[in-house]
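Enquirer: sequence plus predicted model, see below.
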Amino acid sequence: MSLNNPVVQTGLENLLHEPPKYILGKRAGLLCNPASVDRSLRHARALISNSLSVELTALYSPQHGFNAEKQDNMIESDDTFDSALNIPVFSLYGKTRIPTKEMFEHIDLLFIDLQDAGTRVYTFMYTMSYCLEAAKKFSKAVILLDRPNPVSGAVMEGNTLKPENISFVGRYPLPMRHGLTIGELALLFNEYFNIGCELEVIPMKGWERDMFFADTGLPWIPPSPNLPTPVSAMVYPGQVLWEGTNISEGRGTTQPFELFGAPFIDTEKVLSFIGGNHLPGVYLRQVFFEPVSNKWMGSRCNGFQIHVTNAELFQPYLTTLKLIQAVACIHKDRFEWAEPPYEYEFDRLPIDLITGDSNIRYIVESDENIETLPDSWGDELRQFDKISRNFHLY
C-alpha cells in the first residue's frame, strides 16, 4: 500500500490539518522520538515548529533516547540540545524519569506523539503518565496525538498487574496485551486513575479496533531499537518474558524477540514437550544464532524463530509461557530466572515485574497445565474490558 494513501491518519496529521485555536501563541514542548512521523516520514518536531502557530521551546525523550539509539534497558540518555531549533532536549530516561519543574518551566503546553507497542511492560505509556502528573502539578496542558495499537485494539490477553509488582514496567492494573491506543490509555490514566490534568487527545481517522499495524498503510518506524518490524511488535507481548530468564530473547541479533534460545536448549525436546508444532497462529522454526551483544554474546544458541502465521489466532503471551515452561522443565539444571536489577528495581525478580503476578512463576516451574491460566484471567479481563470501554475513541 502506498505511504501517500494510507488507510489511517494519525493524530499528528489531524492536528496539522485542524489545530485547536487555543494553542495560538503558546510555548510548546514535544515528547517524541524517531517514530513520531507523518505518512511522508516528516518528523513531528519539524512539522509542529514550521506549521503551527506555537513556539516550540523544549523537546523531551522517552527510554532509548531522542534518537532511539540506546539499545538496552537501564541505559540512560543525557539531556542534550537541539541545535537546529536552539532548544533543550530533556531526557525522561536519565537522571530522572519524572519531569521536574525546571523541565516544564519552558512550556505552556506539551504535545505527546509516541508510538506505543500495545503491551503493558512498554515504558512509553508510563513516561506519558508521569508527564500527565507533572502537567497537573505544574498547571500545564497536554495534547496527545494518537497512534495505532500495533497488535490490535480488539484483543486483550493475560493477567492484570498485581499491586505488589508495580514498577516502571507496570504502573497500573492492565493486562499484558491491553487493546488500547496510547490516546485511550492517556484518558484511562487521567480520568479513571484520577491524574486530572488538562488533557486533549487528537484522535486518528480511519483506524478500526481489529486492525494490526500492517492494515493501517502507515510506515513502521521502530519506536525502539529492538522492535524493528511490526512482527517483532506482534510477538513482543510474550517474548518480552524471556528478559526475566537466562535465555536470549534475540537481543544482539537482527531479529530481536522473533528469535529466542540458549546454547543448552534441546529444540526437539521443547517441541515434544508442547505437543509438536501446533500452537495456534504460529510456527516455530528451529534455528541457530549468535548474539553480538547481551545474553550469550558470542555463543552459538539453539532455539527458534517465531513465525506468526495467523495474527488473529496467535496468543503471544500464552505461547511464550508454554515455551518457558518447556525449557524450564527440560533443562532444570541450566534454566534460571534472571536476577535483579531490572528497570530500576533492585530487589524483586524481573520475571515477577514483567508478568505482574508472582504466582505465574510458580505455575511455570510446576507441572501445572499452562492452558488453564486463561480461565483464571477471565474475571480480570472482563472487568478491565468493562472499564476500558468507557475510554474507547474508536
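Expert: Here it is on my side, so go on.
Enquirer: where do the strands of the stretch 1-150 of the chain begin and end?
Expert: Listed from the start of the chain, the stretch 1-150 of the chain has strands (DSSP state E, counting those that start in this stretch) covering 27-31, 55-61, 80-82, 87-91, 109-112, 141-145.
Enquirer: mind listing what the longest one pairs with, with the direction of each?
Expert: Just to be clear, that refers to strand 55-61. For strand 55-61, the paired strands and their directions (DSSP bridges) are strand 27-31 (parallel), strand 87-91 (parallel).
Enquirer: tell me the most buried of these?
Expert: Mean neighbours per residue, mean count of other Cβ atoms under 10 Å, is largest over the strands paired with strand 55-61 for strand 27-31, with a mean of 24. All C-beta spots, glycine's among them, are computed from the backbone N, C-alpha and C.
Enquirer: distance from the chain centre to that strand, please.
Expert: With Cα atoms, centre = their mean, to the nearest Å as the basis, strand 27-31 stands 22 Å off its chain's centre.
Enquirer: give me the contact list for it.
Expert: Applying Cβ atoms under 8 Å, 6 or more residues apart in numbering, the external contacts of strand 27-31 come out as 36, 44-45, 48, 52, 54-62, 92, 104, 106-114, 127-128, 131.
Enquirer: ok, now stretch 264-280?
Expert: By Cβ under 8 Å, 6+ apart, the surrounding residues in contact with stretch 264-280 are 247, 261, 283-284, 286, 301-304, 310, 313-315, 319, 322-323, 325-327, 329-331, 334.
Enquirer: just the ones in helices from the residues you listed, please.
Expert: Counted as lying in helices by DSSP state H, out of the contacts of stretch 264-280, are Thr319, Lys322, Leu323, Gln325, Ala326, Val327, Cys329, Ile330.
Enquirer: just the buried positions in stretch 238-250, please.
Expert: 238-250 (16 or more other Cβ atoms under 10 Å).
Enquirer: quick one: which of the residues you listed is nearest Thr123?
Expert: Distances from Thr123 to the buried residues of stretch 238-250, taken as Cβ to Cβ, are shortest for Val240 (11.4 Å).
Enquirer: pretty sure that closest one is touching Thr355, no?
Expert: No: counting by Cβ atoms under 8 Å, Val240 sits too far from Thr355 to count as a contact (9.9 Å).
Enquirer: returning to that earlier point: now the buried residues of stretch 238-250 as TSV including secondary structure?
Expert: Below are the buried residues of stretch 238-250 laid out as TSV (DSSP: H, G, I helix; E, B strand; the rest coil):
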residue	secondary structure
Gly238	helix
Gln239	helix
Val240	helix
Leu241	helix
Trp242	helix
Glu243	helix
Gly244	helix
Thr245	strand
Asn246	coil
Ile247	coil
Ser248	strand
Glu249	coil
Gly250	coil
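Enquirer: farthest-separated two in those residues?
Expert: Using Cβ to Cβ, the two most remote members of those are Gly238 and Asn246, lying 17.5 Å apart.
Enquirer: quick one: low-confidence ranges for the chain?
Expert: Along the chain, the model assigns pLDDT under 70 to residues 1-6.
Enquirer: domains for it, by residue range?
Expert: 11-225, 230-356 (automatic domain parsing).
Enquirer: adding distance to Arg382, write the ones you listed out as JSON lines.
Expert: Shown next, in JSON lines, are the domains of the chain (distance: least, Cβ to Cβ, whole Å):
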{"stretch": "domain 11-225", "distance to Arg382": "10"}
{"stretch": "domain 230-356", "distance to Arg382": "17"}
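Enquirer: of all the ones you listed, which one comes closest to Ile387?
Expert: Nearest to Ile387, of all the domains of the chain, is domain 11-225, at 6.3 Å by Cβ to Cβ.
Enquirer: gap between the two ends of that closest one?
Expert: Domain 11-225 has an end-to-end distance of 23 Å (Cα to Cα, to the nearest Å).
Enquirer: again with stretch 21-28
Expert: Stretch 21-28 has an end-to-end distance of 14 Å (criterion: Cα to Cα).
Enquirer: got the buried residues for it?
Expert: Those would be Ile23, Lys26, Ala28, for stretch 21-28 by 16+ other Cβ under 10 Å.
Enquirer: now do stretch 147-164
Expert: Neighbour-count burial for stretch 147-164 [16+ other Cβ under 10 Å]: 147-153, 155-162.
Enquirer: distance between it and the chain's centre?
Expert: That offset, for stretch 147-164, works out to 10 Å (Cα atoms, centre = their mean).
Enquirer: then stretch 54-73?
Expert: 15 Å.
Enquirer: for the stretch 101-250 of the chain, which segments are assigned as helices?
Expert: Using DSSP state H, counting those that start in this stretch, the helices found in the stretch 101-250 of the chain span residues 101-104, 124-137, 182-187, 230-239.
Enquirer: what's the closest of these to Pro223?
Expert: Short answer: helix 124-137, nearest of the helices of the stretch 101-250 of the chain by Cβ to Cβ, at 7.0 Å.
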